[in-house]
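1. what's the 3D shape of this:
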Amino acid sequence: MTDTPISIIIVGAGFAGLTAAIECYRKGITNLLLLEKSPSLSPLGDIISFGQNSSRIFNKWGNLRHNLDPIIHKAEQVHFHDSSGRYVTTQSFKEEHLTWGPRINGHRGEIHSLVYNYALSLGINIKLGTVITKYFEAPDHAGVETASGEILTADLVLAAEGVRSKARTLILGREDKPLPSGYAVFRSWFPTPPELFSNPLTTHLVSQGDTHHAWIGTDVHFLAASIKSGKEISWVCTHTDTSDIAESWQFPGSLPSVLSVVQNWDPTVLALVNATPEDRLFDYKLVFRHPLPTFISPEARTILIGDAAHPFLPTSIQGASQAMEDGVVLAVCLDNIKGDRSRLKEAVRVWERIRYDRVHRIQATGVSTREQWHKADWEGIWKDPESLHLKREGWILDFDSEADAEGAYERVKGELISEGRL
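-> Coordinates of the predicted model:
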């Protein structure tokens, strides 16, 4: 690796921002500043999933993949039930693991902590407790203004701070407020209490190693997974919701609210909900965003990545993976210009072209999977139980974003030149 003179500011130390920083560093771009609004990063959260298309990215980061092994979910199948508890079908992931490699599912906070500490170990400059109030750019630079009044500039700014990123106003030329999607998710993760082991309704969830179960009802689905050989358990319940999200989209959850959604459901589900510590329960309103016409600013000096560009529904099981792909592909594109600032717009526009169609095609799968479950035709399902299975598509999962971008760069550059965009 050789140092390049390109300077980059990254806003947001989530998986998008950290991946972009790590991958740029791998390509020799070390003049990086990563800004994060939280004053400290503690291992909070619940379950997160990375498909094979992103798990292969972890494999390139030193010993990180080895360090993930003790904390990730090991189950290779999910058992489906209807809302009353009747068993429907089992979907195995063993074959795809053999051909495409393993997935990584685990605690969001624990995995994030490992990635964050890996970035620190590389010497990446991460500044916590920095709130960004404004994005701006000129033909030869971009920058941000902090809540303390500090002005920071660089050749390129990456906005990776989620669905409410203020950079969206710069990119769109107007304020863009999130909209309710009509759905919300109750989420919880907690150490398995003794009662789940002793209760005959729930012991199979936690006493047989890592397990994964799904219950499908009308406009509701409930997923439960035990991890670390049953020592911890998590569950999520997606349901219809029309709450206002003008100010916030995550709230403390309440057990009565969950029970009202799953009333008359399988007693196993009710027992699991009743065993949940209320301080470990959150009510997460799913935010809807219309697909953006572009991810880049008029001067191509500011880029939206991750949820700031393309928020995913949880049913896509690809939000974090696509955020990571954004960072990988950007690093490849910047590597292709070898530090030549005069070609920075070229690299940014090629990055957008490579990412735009793929990310939006995958984004649409979140809706189709949700509707597959929430609007399930049970007469058809009992005739063909496997119709309930998650769609596992090779074009999404058996994919190497780094190799693909390296192979596509010159072709896409030629397309943009022929279109008069470069």
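2. CA atoms for contacts and neighbours, from now on please.
-> Will do.
3. what about Phe190, which SS state?
-> Of the three states, Phe190 takes strand under DSSP: H, G, I helix; E, B strand; the rest coil.
4. burial count for it?
-> Neighbour count for Phe190, taken as other C-alpha atoms under 10 Å: 18.
5. just Glu371 next, same as before
-> Glu371 has 14 neighbouring residues, counting by other C-alpha under 10 Å.
6. Am I right that it sits in a helix?
-> Yes: Glu371 forms part of a helix when assessed by three-state DSSP.
7. Centre of the chain to the helix or strand that contains Ile9, how far?
-> Secondary structure from DSSP states H and E places Ile9 in strand 8-11. How far strand 8-11 lies from its chain's middle: 19 Å, per C-alpha atoms, centre = their mean, to the nearest Å.
8. For stretch 228-242, what is the distance to the chain centroid?
-> Chain-centre distance of stretch 228-242: 16 Å, with C-alpha atoms, centre = their mean.
9. ok, now stretch 125-138?
-> 22 Å.
10. With just CA atoms, put it into PDB.
-> Written as PDB, here are the backbone C-alpha positions of stretch 125-138 (Å, rounded to 0.1, in the frame of the first residue of the first chain):
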ATOM      1  CA  ASN A 125      -8.600   8.500  13.500                       C
ATOM      2  CA  ILE A 126     -12.000   8.200  15.200                       C
ATOM      3  CA  LYS A 127     -13.400  11.200  17.000                       C
ATOM      4  CA  LEU A 128     -16.400  10.500  19.300                       C
ATOM      5  CA  GLY A 129     -18.900  13.000  20.600                       C
ATOM      6  CA  THR A 130     -18.900  15.100  17.400                       C
ATOM      7  CA  VAL A 131     -22.400  16.300  16.300                       C
ATOM      8  CA  ILE A 132     -22.600  17.500  12.700                       C
ATOM      9  CA  THR A 133     -25.000  20.400  12.100                       C
ATOM     10  CA  LYS A 134     -24.200  21.200   8.500                       C
ATOM     11  CA  TYR A 135     -22.700  19.800   5.300                       C
ATOM     12  CA  PHE A 136     -21.200  22.000   2.600                       C
ATOM     13  CA  GLU A 137     -19.100  21.800  -0.500                       C
ATOM     14  CA  ALA A 138     -17.200  23.700  -3.100                       C
END
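11. avg pLDDT for it?
-> Throughout stretch 125-138, pLDDT has a mean value of 96.
12. for that stretch, which positions count as buried?
-> Ile126, Lys127, Leu128, Thr130, Val131, Ile132, Lys134, Tyr135, Phe136, Glu137 (16 or more other C-alpha atoms under 10 Å).
13. which phi and psi does Thr89 have?
-> In terms of degrees, to the nearest 10, the main-chain angles of Thr89 are phi -170, psi 160.
14. Neighbours of it, how many?
-> When neighbours are defined as other C-alpha under 10 Å, Thr89 has 19 of them.
15. ok, now the one 3 residues further on?
-> Neighbour count of Ser92, defined by other C-alpha under 10 Å: 14.
16. Please tell me I have it right and it contacts Leu98.
-> No: the pair Ser92 / Leu98 is not scored as a contact, 11.6 Å apart, by C-alpha atoms under 8 Å.
17. and Ala75, that's in a helix?
-> No: per three-state DSSP, Ala75 lies outside any helix segment and is coil.
18. Find me the pLDDT at it, would you?
-> 93.
19. Likewise for Ile417?
-> So, for Ile417, pLDDT stands at 97.
20. So for stretch 371-378, mean pLDDT?
-> For stretch 371-378, mean pLDDT is 85.
21. which ones are touching the spatially most central residue of the chain?
-> Central residue of the chain (C-alpha atoms, centre = their mean): Ala320, 2.1 Å from the mean position. Ala320 is in contact with Phe15, Ala16, Ile48, Ser49, Phe50, Gly306, counting by C-alpha atoms under 8 Å, 6 or more residues apart in numbering.
22. Pull up the gap between it and Phe312, please.
-> From Ala320 across to Phe312, the span is 9 Å (C-alpha to C-alpha, to the nearest Å).
23. next one: Val78
-> With C-alpha to C-alpha as the criterion, Val78 and Phe312 are 22 Å apart.
24. next one: Asp46
-> 16 Å.
25. Repeat that for Ile296.
-> Computed as C-alpha to C-alpha, the Ile296 to Phe312 distance reads 19 Å.
26. can you check Leu35 too?
-> Separation of Leu35 from Phe312 (C-alpha to C-alpha) stands at 23 Å.
27. which one of these two has more residues nearby?
-> More neighbours surround Phe312 than the other of Leu35 and Phe312, with 28 against 24 (other C-alpha under 10 Å).
28. contacting residues for that one?
-> Gln318, Gly319, Gln363, Gly366.
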